[in-house]
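In: Following is a predicted model, sequence given first.
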Amino acid sequence: MSDHRPGPYGGLVPLELTSLIVDDQDEAIAFFVDVLDFDLVEDEPSTTTDGRPKRWVVVRPPDGGAGLLLAAADGDRQVAAVGDQYAGRVGLFLRVDDFDAAHERLTAAGVEIVRPARDEPYGRVLVFTDIAGNRWDLLGPGQVGDGEEDGSPAAEPTTPAAGGPLLVRRERPDDVAAVRAIHAAAFERGDGEPPEAGLVDALRLDGWLPALSWVAERDGVVVGHNICSRGRVGDTPCVGLGPIGVAPGEQGGGVGSALMLAMIGAADATGEPLIALLGDPAYYRRFGFVASTEVGIEPPDARWGHYFQVRTLAAWVPAIRGRFHYAAPFDDV
Ligand SMILES: CC(C)(COP(=O)(O)OP(=O)(O)OC[C@H]1O[C@@H](n2cnc3c(N)ncnc32)[C@H](O)[C@@H]1OP(=O)(O)O)[C@@H](O)C(=O)NCCC(=O)NCCS
């Protein structure tokens, strides 16, 4: 914190309170007190500006900083804003000294973690949702050697996380939430949940090829995922690959390559003729992908040009020609 600057208000000017609109104040108190360990500092009867009774409830983090006014939604507009006060982006930031302890506490309480823990220049961070559905950053110190705890930039912010061996295996039903979080983080553009996260869920219901949908995990934590679905060229069933996403803190460390190689091998072993994807040729050519038109296959959208690529497998024959069609959920993206 910089030295205090004398200002026009005659002293320190703390941000006192910010409002959080909630459906149920008792549930909200329980969340902030029991799960986040905030203090309940006020819970008093009060009145609205037009004289109706209400309850004035304030919780405050243990450091005594800015408090949260837990305001019961009043009227249609406020009801609609519950959980959407920040239009889908992270709106609140909680810094802790012991990140792992806080992480465990959230997990034990069943709090939804929408982006897994990762290391950034400013520290370790994960994104969780509060009782109303608003997104919070949980921030902790960077890992030893990753920069200073005062927030100065880390020397190598993109260095993949160190840890145990990387395991690649088929997706299981209990991976669904972690997989969604991986794609939400990998494709994050700063404007709400990216469509890739929802596409994965939609594909599981329509066109999914579970034998070719893989996760990469390290130390029991899912760090990457790819999904494959049933596409076709004319009447010939083929594989559509995507999305594929890797946790930001693990990108550039071979996770994507491990998934690609495992998935390509499995597709070849199970007699699939080809895999198609939309992506950057600079990445995918290393796995043998070529522009689809080189083997007589038209992209679903002609504007995709050489970004639409295919990898032919042992069962491929040149007669497989024509336009590629993805599984139906891609039509909605
Ligand atoms: C693309 C992605 C899956 C690759 O996985 P990864 O684990 O980061 O990649 P790997 O470690 O296996 O490979 C790293 C190499 O790929 C390159 N690479 C990574 N993403 C790339 C991209 N989008 N375009 C071109 N090259 C890329 C890196 O520069 C690096 O190149 P090098 O080996 O020459 O140094 C991952 O970076 C990711 O999730 N990105 C965000 C989401 C995304 O773009 N998904 C793909 C949409 S088609």
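Out: Sure thing, it's come through.
In: Run through the strands of the stretch 201-333 of the chain in chain order.
Out: Taking DSSP state E, counting those that start in this stretch, the strands of the stretch 201-333 of the chain run over residues 214-218, 221-233, 236-246, 274-278, 290-291, 297-298, 308-312, 322-325.
In: what's the closest of those to Leu15?
Out: With respect to Leu15, and counting by CB to CB, the nearest of those is strand 221-233 at 34.8 Å. (Glycine included, C-beta is placed from N, CA and C.)
In: Show me which residues of the closest one are buried.
Out: Within strand 221-233, the residues that qualify as buried are 221-233, counting by 16 or more other CB atoms under 10 Å.
In: same check, this time on stretch 168-185
Out: Buried residues in stretch 168-185, defined by neighbour count with 16+ other CB under 10 Å: Val168, Glu171, Asp175, Ala178, Val179, Arg180, Ala181, Ile182, His183, Ala184, Ala185.
In: Let me know the secondary structure of the fifth one.
Out: This means Val179. In three-state terms, and counting by DSSP: H, G, I helix; E, B strand; the rest coil, Val179 is helix.
In: Could you report the distance from the nearest residue to it once chain neighbours are set aside to the ligand?
Out: For Val179, ignoring the flanking residues on the chain, the nearest one in space by CB to CB, 6 or more residues apart in numbering is His225 at 4.6 Å. His225 is 9 Å from the ligand, where distance means CB to the nearest ligand atom, to the nearest Å.
In: His225 contacts Ala262, correct?
Out: No - the criterion here is CB atoms under 8 Å, and His225 misses it with Ala262 at 11.7 Å.
In: for the buried residues of strand 221-233, which one is nearest the ligand?
Out: Taking CB to the nearest ligand atom as the measure, Gly224 is the one of these closest to the ligand, at 6.4 Å.
In: Would you check that my belief about that closest one contacting Glu250 is correct?
Out: Yes - using CB under 8 Å, Gly224 is in contact with Glu250, at 6.6 Å.
In: Spit out the contact partners of the residue nearest to Val179.
Out: Remark: with contacts taken as CB atoms under 8 Å, 6 or more residues apart in numbering, His225 is in contact with 171, 175, 179, 182-183, 200, 213-216, 244-245, 259.
In: ok, now Gly279?
Out: When contacts are counted by CB under 8 Å, 6+ apart, Gly279 touches Gly242, Tyr307, Gln309.
In: so the residue nearest to the second one when sequence neighbours are not counted bridges to which residues?
Out: Taking CB to CB, 6+ apart, and ignoring the residues beside it in sequence, Tyr307 has Leu278 as its nearest neighbour in space, at 5.7 Å. When bridges are taken as DSSP bridges, the partners of Leu278 come out as Phe308.
In: who's in contact with Leu278?
Out: Contacts of Leu278 (CB under 8 Å, 6+ apart): Gly242, Pro299, Trp304, Tyr307, Phe308, Gln309.
In: how much space between the first one and the ligand?
Out: Same thing as Gly242. The spacing between Gly242 and the ligand, counted by CB to the nearest ligand atom, is 6 Å.
In: So what touches stretch 306-325?
Out: Residues beyond stretch 306-325 that count as contacts (CB under 8 Å, 6+ apart) turn out to be 231-234, 236, 238, 240, 264, 267-268, 271-281, 284-285, 287-293, 295-301.
In: rewinding a little: common neighbours of His225 and Ala262, please.
Out: Trp214.
In: rewinding a little: gap between the residue nearest to Tyr307 and the ligand?
Out: 6 Å.
In: got the CA positions of stretch 221-229 in PDB?
Out: Provided in PDB are the C-alpha atoms of stretch 221-229 (Å, rounded to 0.1, in the frame of the first residue of the first chain):
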ATOM      1  CA  VAL A 221      -6.700 -32.400 -10.800                       C
ATOM      2  CA  VAL A 222      -8.100 -32.100 -14.300                       C
ATOM      3  CA  VAL A 223      -5.900 -29.800 -16.300                       C
ATOM      4  CA  GLY A 224      -7.000 -30.400 -19.900                       C
ATOM      5  CA  HIS A 225      -9.900 -31.900 -21.800                       C
ATOM      6  CA  ASN A 226     -10.900 -32.600 -25.400                       C
ATOM      7  CA  ILE A 227     -14.300 -33.700 -26.600                       C
ATOM      8  CA  CYS A 228     -15.100 -35.500 -29.900                       C
ATOM      9  CA  SER A 229     -18.400 -35.900 -31.500                       C
END
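In: ok, how many other residues are close to whatever residue of the stretch 1-150 of the chain ends up closest to the ligand?
Out: Ranked by CB to the nearest ligand atom, the top residue of the stretch 1-150 of the chain for proximity to the ligand is Arg118, at 12.0 Å. By other CB atoms under 10 Å, the residues close to Arg118 number 17.
In: in what helix or strand does it lie?
Out: In this assignment (DSSP states H and E), Arg118 forms part of strand 113-120.
In: next one: that strand to chain centre, how far?
Out: The chain centroid and the centroid of strand 113-120 are separated by 8 Å, computed with CA atoms, centre = their mean, to the nearest Å.
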